[in-house]
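J.: Show me the folded form of this:
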Amino acid sequence: MNGQFSAFADVAILEAVRTPWIDLGGALSQVSPIDLGIKVGREVMARAGIEPQAVDSVLAGSMAQASFDAYLLPRHIGLYSGVAQAVPALGVQRICATGFELLRQAAGQLRDGVQLALCVASESMSRNPIAAYTHRGGFRLGGEVQFKDFLWEALYDPAPGLDMIATADNLARRYGLSREAVDRYACTSHQRALQAQRDGVWVDEVVAVDNQVFELEGYQPRGISLARRTAAVSEDSHPRPTDLASLTRLRAVHLGGVQTAGNSCAVVDGAAAALVGRASACTRPALARLLASAVVGVAPEFMGIGPAPAIRLLLQRSGLNLDDIGRFEINEAQAAQVLAVAHELELDSTRLNAQGGSLALGHPLAATGLRLVMSLARQLRQHNLRYGIAAACVGGGQGMALLIENPAFRA
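T.: Numbering: from 1, shown residues only. Okay, the predicted model is just below:
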């Protein structure tokens with residue numbers, strides 16, 4: 001099977017946290033993704049009881065250039081998180097699988113001698129720019145003036161001439177998925193997420209964000225200033241009561257399609273961080289062991305099916321079967337896309353996105369992968385399950401999956 005497979009030995013995710021996912025235009029809408037990244041970077045080290053000076057690699061990712069200093073995002077997240085000035089920083093990007101790729105890169109660095117890596121993914125969808133790419137030389141009299149919404153245009157793939165919603169509609173047609181089936185899945189996701197929030201299942205992974213200043217001796221301060229005179233945010237803002245009748249009334253994005261605003265992922269801002277180190281060096285129980293990764297390419301017009309071949313490659317090369325996996329967390333870019341993957345792999349719905357997913361919580365592109373992994377790891381511990389797989393489709397036609405193990409599993 002084509003694709004890239006990596007197996008990892010002695011790699012642990014020591015701790016992982018995230019900000020609340022906050023709706024587009026909400027309290028986080030004016031905050032630079034760098035500052036959101038600094039917030040979670042500082043917090044993950046504090047929760048792990050690790051001094052920043054112990055970190056010897058910084059990896060960070062963000063998709064859109066959502067601030068004028070965007071080029072400096074990895075470096076500034078490291079510096080203002082307190083990591084030693086001599087420690088280098090690397091920017092990582094694999095669109096919706098950026099969070100996974102951060103962990104993959106960290107595991108590879110451990111093989112090369114790194115002892116402890118700080119991985120941070122941060123995304124401000126609200127600060128995606130209105131951009132012009134062809135006007136550096138000025139404007140001609142009567143010439144076309146072309147400014148476009150980067151957030152909207154980024155959903156379009158010019159290779160097949162389709163947006164992401166249309167690729168999910170393609171999968172619905174290929175797998176015979178009705179509008180009713182797609183809406184039913186979305187309704188379940190919304191209801192599961194709302195119940196999980198009510199039950200407090202994400203309390204351990206979410207860090208509240210408030211107005212604050214980040215100091216760095218000898219350098220300019222920076223910080224967080226929440227919008228709408230908000231003092232703090234402490235929980236995801238998108239989960240809400242949702243019923244099938246409400247979803248059914250929504251108009252499809254494309255004529256004859258099944259995807260709507262209600263059964264597609266919510267647009268949110270947020271950041272996440274994880275510490276990756278050697279399992280053998282852990283002085284306290286690790287959150288999870290990172291065992292392997294797989295990444296594959298698929299046809300761009302069917303990009304949403306990517307998790308299926310990635311999971312197949314991951315299992316094949318790891319010597320495991322679907323029945324060995326206690327939980328699957330597959331990013332919900334669109335409901336039809338997740339259902340197509342589930343149909344292709346014949347996944348048991350009770351093991352898939354058991355706490356809801358991005359349809360209800362939202363999908364801050366770079367940060368979603370880390371959320372999937374940390375939520376998966378905590379589910380494995382809660383239910384005494386050994387193995388879990390987190391996966392996502394990737395715009396342009398890719399799929400990526402990670403295999404993790406519960407270090408506290410008892411047979």
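J.: Sticking with the residue nearest to residue 77 when sequence neighbours are not counted, tell me its helix or strand.
T.: Distance criterion CB to CB, 6 or more residues apart in numbering; nearest residue to residue 77, sequence neighbours excluded, is residue 37 at 4.1 Å. Any C-beta I mention is one placed from the backbone N, CA and C, and that applies to glycine too. In this assignment (DSSP states H and E), residue 37 forms part of helix 33-48.
J.: Which strands or helices does that helix pack on?
T.: strand 11-18, helix 73-80, strand 116-123, strand 212-214, strand 222-224, strand 268-278 (3 or more CB pairs under 8 Å, 6 or more residues apart in numbering; DSSP states H and E).
J.: returning to that earlier point: show the contacting residues for the residue nearest to residue 77.
T.: The contact partners of residue 37, by CB atoms under 8 Å, 6 or more residues apart in numbering, come to 60, 62, 73, 77, 120, 121, 122, 271, 273.
J.: who's in contact with the third one?
T.: Going back to what we said before, that points to residue 73. So residue 73 contacts 33, 34, 37, 60, 62, 67, 91, 122 (CB under 8 Å, 6+ apart).
J.: Could you find the lowest-pLDDT member of those residues?
T.: In terms of pLDDT, residue 67 ranks lowest among the contacts of residue 73, with 95.
J.: Determine the number of other residues adjacent to the residue lying closest to it once chain neighbours are set aside.
T.: Once flanking residues are discounted, residue 67 sits nearest to residue 32: 4.2 Å by CB to CB, 6+ apart. Using other CB atoms under 10 Å, residue 32 has 23 neighbouring residues.
J.: Can you name the residues that contact residue 32?
T.: With contact taken as CB under 8 Å, 6+ apart, residue 32 is in contact with 66, 67, 69, 124, 127, 222.
J.: quick one: it and residue 223, what's the gap?
T.: Separation of residue 32 from residue 223 (CB to CB, to the nearest Å) stands at 10 Å.
J.: ditto for residue 114
T.: 29 Å.
J.: So for those two, which residue has more residues nearby?
T.: A count of neighbours by other CB under 10 Å puts residue 114 above the other of residue 114 and residue 223, at 19 against 15.
J.: what sits against the nearest residue to that one once chain neighbours are set aside?
T.: Once flanking residues are discounted, residue 114 sits nearest to residue 57: 4.7 Å by CB to CB, 6+ apart. For residue 57, the contacting residues are 87, 88, 90, 106, 109, 114, 116, 117, 118, by CB under 8 Å, 6+ apart.
J.: Show me which pair in the residues you listed is furthest apart.
T.: 90 and 116 (14.6 Å; CB to CB).
J.: Who has more neighbours out of these two?
T.: residue 116 (22 against 17).
J.: Name the SS class of the closest residue to residue 345 other than its chain neighbours, please.
T.: With sequence-adjacent residues excluded and distances taken as CB to CB, 6+ apart, residue 345 is closest to residue 308, at 5.5 Å. Judged by DSSP: H, G, I helix; E, B strand; the rest coil, the three-state class of residue 308 is helix.
J.: thought residue 308 was touching residue 346?
T.: No. Between residue 308 and residue 346 there is no contact under CB atoms under 8 Å: 10.3 Å.
J.: Which one of these two is surrounded by more residues?
T.: Using other CB under 10 Å as the criterion, residue 308 and residue 346 rank with residue 308 on top: 23 against 7.
J.: If you count residues, where's the longest helix of the protein?
T.: Counting residues, the longest helix in the chain under DSSP state H turns out to be helix 179-198.
J.: of all the helices and strands packed on helix 33-48, which lies closest to residue 172?
T.: Using CB to CB, these put strand 268-278 closest to residue 172, at 24.3 Å.
J.: any idea of the mean pLDDT for the closest one?
T.: Averaged over strand 268-278, pLDDT sits at 98.
J.: one step back: check which helices and strands whichever helix or strand comes after the longest helix of the chain sits against.
T.: Sequence order places strand 209-210 as the next helix or strand after helix 179-198, per DSSP H and E. If you count contacts as 3+ CB pairs under 8 Å, 6+ apart, strand 209-210 packs onto strand 232-233.
J.: Just give the strands next to the strand it packs on in its sheet, each with its orientation.
T.: Strand 232-233 sits in its sheet next to strand 209-210 (antiparallel), going by DSSP bridges.
J.: quick one on the thing from earlier: please pull up the helix or strand immediately following the helix holding residue 37.
T.: Downstream of helix 33-48, the next assigned helix or strand under DSSP H and E is strand 57-61.
J.: And the strands in the stretch 251-400 of the chain?
T.: Applying DSSP state E, counting those that start in this stretch to the stretch 251-400 of the chain gives strands spanning 268-278, 288-297, 325-330, 387-394, 398-405.
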